[in-house]
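K.L.:
Quick one, what's the 3D model for this:
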Amino acid sequence: MSNERFIVGCVQTTPTDDLRANIDQVSRSIEIAAQRGATLVATPEYSFFLHASGRSMRDSAAREEDHLALPQFVSIARKHRIWLILGSLVIRTDEGNIVNRSIVISDQGEIVARYDKIHMFDATLPSGRTIRESSSYTPGTRAVLVSTPWGRLGITVCYDLRFPALYRALAQSGAQILLVPSAFTRATGSLHWHTLLKARAIENRAFVVAPAACGTHPGGHETYGHSLIVDPDGQEVAAAGEAPDIICAEIDLDVVSVARARMPSLTHDRAFETSHILANSIEIKHEQI
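P.N.:
Numbers count the residues shown, from 1 in each chain. Now for the predicted structure:
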């Protein structure tokens, strides 16, 4: 495995409830990124279908082998000799569950990894609107690390970003680049997006690559955009705004090696006792009663 320089691309689109139109939109964007020299291209969460209605999202689910998007992007990866991270597709498993699945396709056109989003976005927005991903999707249970010709990728999706233990585990297992395809809401994105991405990069001494959905989607759902590529010091290497875009940046994984050598915090984690905290918490609750 070599740490040579390479160009990574992030596709930022506005997915709708028109599957074929979304496939065409993403395909064109990937083609442009490839023309700019990108050999690793990532797309947003819900790249191929996005609607405010949970029922509409569930109804869009397809078995992986039947999904209309996959043959197209397998072909594109093979044609341009690029690696693709399809941010997420709504997949119905053989067991009948619905998962939010990120798929990694090699430059040979082979599906080499699948990651099912672990953390479900169950939250109430400042507007009062409630989103409950757990009512539509079955959470994943496995972290995923992918070996590429350049280095190792840790695959995560959107709301996972708020759970640093996942990223720590990936980084300590060798991930040099952390992928975060997302569809952050406009409300939460404007408050938290940049800070969270930079924090994950800094604390894990890794590049963070975060393609994002943007704009207004069917049903009135709004996403934040602002796709971002961040270096191990939390500096923005490339950034998009709120409109559809394609951003590219050259990545040198030697930067990760140097950052981790100078500040080897990944090796400094220490175990600590928590039982007394739990005991104190129980005592306080009893006193309040």
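K.L.:
how about the strands of the stretch 101-250 of the chain, start to end?
P.N.:
Along the stretch 101-250 of the chain, counting by DSSP state E, counting those that start in this stretch, strands occupy 111-116, 122-124, 130-132, 144-147, 152-155, 177-179, 207-210, 214-216, 222-224, 228-230, 236-239, 245-251.
K.L.:
name the helices or strands packed onto the second one?
P.N.:
On a contact count with 3 or more Cβ pairs under 8 Å, 6 or more residues apart in numbering; DSSP states H and E, strand 122-124 meets strand 130-132. (Each C-beta comes from the backbone N, C-alpha and C, glycine too.)
K.L.:
ditto for the first one
P.N.:
Using 3+ Cβ pairs under 8 Å, 6+ apart as the contact criterion, the secondary-structure elements in contact with strand 111-116 are strand 98-105, strand 144-147.
K.L.:
most tightly surrounded among the strands of the stretch 101-250 of the chain?
P.N.:
Most buried of the strands of the stretch 101-250 of the chain by mean neighbour count (mean count of other Cβ atoms under 10 Å) is strand 207-210; its value is a mean of 28.
K.L.:
Mind listing the strands that one pairs with, and their directions?
P.N.:
strand 177-179 (parallel), strand 228-230 (antiparallel) (DSSP bridges).
K.L.:
which one of the ones you listed lies closest to Gly128?
P.N.:
strand 228-230 (28.3 Å; Cβ to Cβ).
K.L.:
re the thing from before, I'd like the helices and strands packed on strand 111-116 as CSV, with mean pLDDT and distance to Asp122 appended.
P.N.:
Shown next, in CSV, are the helices and strands packed on strand 111-116 (pLDDT from 0 to 100; distance: least, Cβ to Cβ, whole Å):
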stretch, mean pLDDT, distance to Asp122
strand 98-105, 99, 13
strand 144-147, 98, 22
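K.L.:
Using JSON lines, lay out the strands paired with strand 207-210 together with mean pLDDT and distance to Ser88.
P.N.:
Formatted as JSON lines, the strands paired with strand 207-210 follow (pLDDT from 0 to 100; distance: least, Cβ to Cβ, whole Å):
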{"stretch": "strand 177-179", "mean pLDDT": "99", "distance to Ser88": "11"}
{"stretch": "strand 228-230", "mean pLDDT": "99", "distance to Ser88": "17"}
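K.L.:
I'd like these written out as JSON lines, with distance to Gly154 added.
P.N.:
Output for the strands paired with strand 207-210, formatted as JSON lines (distance: least, Cβ to Cβ, whole Å):
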{"stretch": "strand 177-179", "distance to Gly154": "5"}
{"stretch": "strand 228-230", "distance to Gly154": "14"}
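K.L.:
nearest to Phe49, of these?
P.N.:
strand 177-179 (20.0 Å).
K.L.:
coming back round to it: looking at the strands of the stretch 101-250 of the chain, spot the one closest to Ser53.
P.N.:
Comparing these by Cβ to Cβ, strand 130-132 comes nearest, at 11.1 Å.
K.L.:
Note down every partner strand of the closest one and its orientation.
P.N.:
Sheet pairing for strand 130-132, using DSSP bridges, gives strand 122-124 (antiparallel).
K.L.:
Great, nothing more from me.
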